[in-house]
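# the sequence and its predicted three-dimensional model are supplied below.
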2 protein chains.
Amino acid sequence: MKIVYLIMDGLGDRPCECFGGKTPLEAAVTPCLDELARNGMTGLMHLLAPGVPVGTDVGHICLFGYDPAVIYTGRGPIEAVGVGCDMKPGELAFRGNFATVNEKGEVIDKRAGRIRHRTAELAEALCMDLGDGVTVRVKEATEHRAAIIFSGPGLSTALTNAYPSSLRPLPQEFPWVKAKEPAAEAFAEKVNTFMRRAQEVMAAHPVNVERIANGEKPANALLLRGPGFMPEVPSFESRYPGLKVGLVVAQETVLALGKMMGMTIACAPGMTGGMETDFNAKARETLRLLKDHDLVFVHVKGPDLAGHDELPEAKKRIIENVDAMMASIVNGFGEPLIVAAGADHSTPCAFGEHSGDPVPVLLSGPGLRRDGTTEYSESGALLGGIGHISGKDFLNVVLNAAYRVPKQGS
Amino acid sequence: MKIVYLIMDGLGDRPCECFGGKTPLEAAVTPCLDELARNGMTGLMHLLAPGVPVGTDVGHICLFGYDPAVIYTGRGPIEAVGVGCDMKPGELAFRGNFATVNEKGEVIDKRAGRIRHRTAELAEALCMDLGDGVTVRVKEATEHRAAIIFSGPGLSTALTNAYPSSLRPLPQEFPWVKAKEPAAEAFAEKVNTFMRRAQEVMAAHPVNVERIANGEKPANALLLRGPGFMPEVPSFESRYPGLKVGLVVAQETVLALGKMMGMTIACAPGMTGGMETDFNAKARETLRLLKDHDLVFVHVKGPDLAGHDELPEAKKRIIENVDAMMASIVNGFGEPLIVAAGADHSTPCAFGEHSGDPVPVLLSGPGLRRDGTTEYSESGALLGGIGHISGKDFLNVVLNAAYRVPKQGS
């Protein structure tokens, strides 16, 4: 049987006054998810460990059944893969910003006047050979952002960030990197050489000639932070033999993780990774992937964004839209289907940030055990038959529903 | 929001005949704790692992969120810190007893006639330099007890205890230490040299001249056991940035652990660490610490002592006094407060010793999830929303309630 695993990013919450002490999920009208709960089981998932808040990156690594201690090496490689870089294990990626420096070389704008256009041309001009076998490639990302990838011998992550302190006003002296340990000194020198040459290249670049003529700040420097080595990530299929996995997603971090794990990515126009997205497109892409995949994750970013913006009503409305999307998927598939639901962390609207509260999970399908749960919610899952479970373990519970977890022993 | 975490030492119990099958906590009238339970969640805590009994030391290490495999190196250093020794990581401490030996050097009394006075003078006379850079300092503890600390090169815990066998009657030949491995032989020699010189110093000491004149047994030997290296203990504040932690406590083991973890200790006159203590003083000290601390642990030893003495009625009465103390704290604080409650282990009155039965825990506060629990008790917590949890995990759940656990990932 095929499996759809719904991920509502930041779903978990705490009692909200505006809902008379209910959470947004409890207040939302979700006939499809509640029907699935009645035909299955619920529980509470602690992604990494009880009480420990996780980021979207670590939360999804756990939910996808991987160990963040092995896979999570920093934001750099995740962002690089997210913008389409083909990274090899052992390469080192930084997150980068196009920025503006003045004649004295001081940073006066961390985002180069929020540059939005022609960063691809700049990025292409910044790919270079630094000697001693070390090369750099640069790939533009959204707006002022970029990914910077170093290949070759002697790489190290033991560097300070080349990023201005948020504690002091601009302008600030250019933040050249420093080695945190003696073994990193040669590489620190290489990174500084790259940033110096990048400034030379950008100073004279036609994109900046045009920006200056238009009265805009030039993108004449790169800032680097969050270095991490590309990890060796065993594919989903290598861990669960023969399992074809798809991921319907627009949000870049989750998309990057899916790519690193060898999932088929589906992202149709209209899917935004924002509060407003095309739920019909998500349902269509899910149904399309289900044809030739065993497990399809459907990621929805909205609940997390509403939590960060402290908007319980918006969170409730998005959850209701997701419920309708799930109805389209379940009814549209036309065959029996196993449905799982979960989240990467809680984002309580009263807090506006991630918390360590567990998230409700759901597993439902023909022939599976049932626990008498009547709804999919934080309180409904308190006594659910799945109990308290980690992100990694829940993935196996979900795959076991379709008998897809390899047997240990014989 | 501030947090109070109540620790009732040895709280957990089993059904008692005298209470018609209720535990002391179930039989006790505890309106404050039950009200807190109704406004929060309960669960069952296995300090180290299900079914494994722990001592007060290991139980508290787990409850405080530390790993006993790293922190717990033996009783020696905990007792030494508890009596006020300033120990450095890498120093080695033994628990010691002042004892009496006869002319043949045999131990005739392990407690030197339960000596209670002037042991400070003896301890001071026993601090000495053993050569090769090894020095010893001795610090008196309660009654016949002392802490003995070795500093310098070549220290080892691979020694037999210098303590008479409990399987044979006294007098017994003096139990000089033996090395358990070749590398410890030189240090074993040093320890025996110390004990020999200590006997020489004490034989002629004015304290013993007076004791013999009074017909009391002289304290003319030291017995040593429980050697352990002082561990590197990261402070609470280093693990939870900015978190100020206080501990209201009289019992020495728990006090020592709090000190090692960098907590502010409050112990007012009247607080005994015994069955009878000044609960008003505990409430006052808690309210005082709450002013400038984020988390305050309040430790009560009584329930454990009643359990050891197999006195269920006394245990019930102490729990009721604790409930009144908690009401003073909650009402006296005047601001919203997060309240947690737990214990370091069970001490069933029918057994008189620690058991591996889980202990009930409670977490309650404005804006937190609720689970419909109606009372704080072993049976009330069976289906609590916190579920089954380890001591270490529960600490994170408690701190997460106030959003004080650092996020993993971004």
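Perfect, thanks for sending it. Numbering: from 1, shown residues only, chains lettered A, B, ... in the order given.
# next, count neighbours for the residue in the stretch 301-410 of chain A that chain B sits nearest to.
Using Cβ to the nearest Cβ, the closest approach of the stretch 301-410 of chain A to chain B is made by A:Gly356 at 3.6 Å. Using the backbone N, CA and C atoms, a C-beta is placed for each residue, glycine as well. By other Cβ atoms under 10 Å in any protein chain shown, 27 other residues sit near A:Gly356.
# gap between it and B:Leu395?
Using Cβ to Cβ, to the nearest Å, A:Gly356 is found at 11 Å from B:Leu395.
# shared neighbours of these two, anything?
A:Gly51 (Cβ atoms under 8 Å, 6 or more residues apart in numbering or on different chains).
# where does the stretch 51-200 of chain A come near chain B, residue by residue?
Counting by Cβ under 8 Å from any Cβ of the partner chain, the stretch 51-200 of chain A comes close to chain B at A:51-59, A:61, A:68, A:72, A:75.
# ranking by neighbours, what's the top pick from the residues you listed?
A:Gly59 (32 neighbours).
# give the contact list for that residue.
Going by Cβ under 8 Å, 6+ apart, A:Gly59 touches A:47-48, A:343-345, A:354, A:391, B:409.
# in helices, which of those appear?
Members of the contacts of A:Gly59 lying in helices (criterion: DSSP state H): A:Gly391.
# ranking the contacts of A:Gly59 by neighbours, who comes first?
A:His345 leads the contacts of A:Gly59 on contacts (other Cβ under 10 Å) with 35 neighbours.
# so who does that one touch?
Contacts of A:His345 (Cβ under 8 Å, 6+ apart): A:10, A:12, A:47, A:53-56, A:59, A:304, A:354-356, A:359.
# touching, A:Asn366 and A:Met1? I think so.
Rather than Asn, residue A:366 is Pro. Yes - if you go by Cβ atoms under 8 Å, A:Pro366 and A:Met1 touch, sitting 7.4 Å apart.
# who has more neighbours out of the two?
Neighbours were counted for A:Pro366 and for A:Met1 using other Cβ under 10 Å; A:Met1 has more, 15 against 11.
# can you pull the phi/psi pair for the residue in the stretch 101-250 of chain A positioned nearest to chain B?
Residue nearest to chain B within the stretch 101-250 of chain A: A:Gly226 (8.3 Å; Cβ to the nearest Cβ). Dihedral pair for A:Gly226: phi 60, psi 40, per degrees, to the nearest 10.
# which pLDDT value does the model give it?
The model reports A:Gly226 with a pLDDT of 91.
# shouldn't it be in contact with A:Asn97?
No - between A:Gly226 and A:Asn97 there is no contact under Cβ under 8 Å: 10.9 Å.
# in terms of neighbours, single out the busier of the two.
A:Asn97 (24 against 19).
# now do the end-to-end distance for stretch A:234-244.
Using Cα to Cα, to the nearest Å, the span of stretch A:234-244 from its first residue to its last is 14 Å.
# need the helices for the stretch 151-300 of chain A, in chain order.
A:185-203, A:206-213, A:236-239, A:252-260, A:279-290 (DSSP state H, counting those that start in this stretch).
# which residues in the stretch 51-200 of chain A form strands?
A:92-101, A:107-109, A:128-129, A:135-140, A:145-151 (DSSP state E, counting those that start in this stretch).
# before we move on, what about the stretch 301-410 of chain A?
A:338-342, A:359-364, A:387-390.
# so where's chain A uncertain?
For chain A, no stretch has pLDDT under 70.
# break it into its domains for me.
A:3-72+A:232-401, A:78-229 (automatic domain parsing).
# residue contacts, the residue nearest to A:Glu232 when sequence neighbours are not counted?
Counting by Cβ to Cβ, 6 or more residues apart in numbering or on different chains, the nearest residue to A:Glu232 once its immediate chain neighbours are dropped is A:Pro89, at 4.6 Å. A:Pro89 is in contact with A:229-232, counting by Cβ under 8 Å, 6+ apart.
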